[in-house]
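Peer 1: after the sequence you'll find the predicted model.
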Amino acid sequence: MTDRPVVLITDYAWPDVAIESGILEEAGLRLVTGPAKPATAQVIAALAAEHRPAAILTNWAPVSAAAIAASDRLRIVTRLGVGLDNIAVDEATRRGVWVTNVPDYCIEEVSDHAVGMLLAWARGLPYFDHEVKAGRWDPASARLRRVRELTCGIIGLGRTGRRTAEKLRGFGVRLLGHARRSESPISGIEMTTLEALLSRSDAVIVHLPLTPATRHLLDRERLALMKPGAVLINVSRGAVLDTQALIEGLESGRLSGAALDVLESEPTVPAGLMRPDVILTPHIAFSSDASLRELRRKASEEVVRVLRGGRPEQACNQPQ
């Protein structure tokens, strides 16, 4: 039994690995699991050296250059998710190892989350829920927005950004968009510069991957361009945003609020974000029963495909 190719799952954000195990074991592969909660890069590298996997499935744990180099049998590293910022893609490419992800499993969930955060801010839902439960019934204090009259700017118009725009159209909002790459016209979205989008939008929604080019894209200088009273919604990656600059914008009163599913310091929450005008969720925008089933199945099937000699369907690199 030990001569079967090994698949290492570094970590997982669900109760068990039954879906992965069923698909991989049926294909004649042997499954090895790391700790459910993400371990350090050193621990993952040690696991790779110990088990010499032919494939690595990773959720949040870092798959470093050392982990990739630790197994001469490694042929594929698959992200149980979309972003690749926890994988040493360049090292994998250099060593002839495929890197793949599952880019389309949570489009509905993340776009729902973004729209839900916008509605919660506009209608004051978290704040007034807290006030009523604290014994304060003060409808005269409400300073709420008519959603239809809002201008919403979306930064990043990939699959999820476009789906968010489609859903927001139903509310009659005015839509502005900015994309890192040149985009063909999108019905119902006025494409503009990042600076113009920030200055004109009542709500700014961020749908960007984390890359060297997007890290702290929304820094102090750019946040200062935001329309007074606007809200910033981030459902992408925490480090796209300069957290301290955001806190300063909230403390000064320039921004009326923020809604964040991701933090650059997660799971640690900065004290400056523990405010009634900030909505926080624990990096769950991607999650639903349906999306997790799809994610786990597609990632496992990609591993089987490559280890059987095929090409991956969602290649993120071109191995040398």
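Peer 2: Good, I have the coordinates.

Peer 1: quick one, strands of the stretch 1-150 of the chain?
Peer 2: Using DSSP state E, counting those that start in this stretch, the strands of the stretch 1-150 of the chain run over 6-9, 30-33, 55-58, 76-79, 98-100.

Peer 1: state the mean pLDDT of the lengthiest helix in the chain.
Peer 2: Ranked by number of residues, the top helix in the chain under DSSP state H is helix 289-307. Rounded to a whole number, the mean pLDDT of helix 289-307 is 98.

Peer 1: elements contacting it?
Peer 2: helix 18-26, strand 55-58, strand 76-79, strand 98-100 (3 or more C-beta pairs under 8 Å, 6 or more residues apart in numbering; DSSP states H and E). Where you see a C-beta, it was placed from the backbone N, CA and C, and this is true even at glycine.

Peer 1: make TSV out of those and add mean pLDDT.
Peer 2: Shown next, in TSV, are the helices and strands packed on helix 289-307 (pLDDT from 0 to 100):
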stretch	mean pLDDT
helix 18-26	98
strand 55-58	98
strand 76-79	98
strand 98-100	98
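
Peer 1: and of these, who's closest to Leu246?
Peer 2: strand 76-79 (27.0 Å; C-beta to C-beta).

Peer 1: look up the pLDDT of Arg181 for me, please.
Peer 2: According to the prediction, Arg181 has pLDDT 74.

Peer 1: now do it against Ile87, distance only.
Peer 2: Distance, Arg181 to Ile87, using C-beta to C-beta, to the nearest Å: 22 Å.

Peer 1: those two: which is more packed in?
Peer 2: Taking other C-beta atoms under 10 Å, Arg181 and Ile87 do not tie; Ile87 has more neighbours (27 against 6).

Peer 1: now that one: how far from Ala65?
Peer 2: Counting by C-beta to C-beta, the gap from Ile87 to Ala65 is 10 Å.

Peer 1: minimum distance to Pro126: which of the strands of the stretch 1-150 of the chain has it?
Peer 2: Judging these by C-beta to C-beta, what sits closest to Pro126 is strand 76-79, at 31.4 Å.

Peer 1: what secondary structure does the residue minimising distance to the centre of the chain sit in?
Peer 2: When C-alpha atoms, centre = their mean is applied to the chain, the residue found nearest the centroid is Ser236 (4.0 Å). Judged by DSSP: H, G, I helix; E, B strand; the rest coil, the three-state class of Ser236 is coil.

Peer 1: now the helices and strands packed on helix 289-307 in JSON lines, with mean neighbour count and distance to Thr160?
Peer 2: Output for those, formatted as JSON lines (neighbours: other C-beta atoms under 10 Å; distance: least, C-beta to C-beta, whole Å):
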{"stretch": "helix 18-26", "mean neighbour count": "17", "distance to Thr160": "23"}
{"stretch": "strand 55-58", "mean neighbour count": "28", "distance to Thr160": "21"}
{"stretch": "strand 76-79", "mean neighbour count": "27", "distance to Thr160": "16"}
{"stretch": "strand 98-100", "mean neighbour count": "24", "distance to Thr160": "18"}
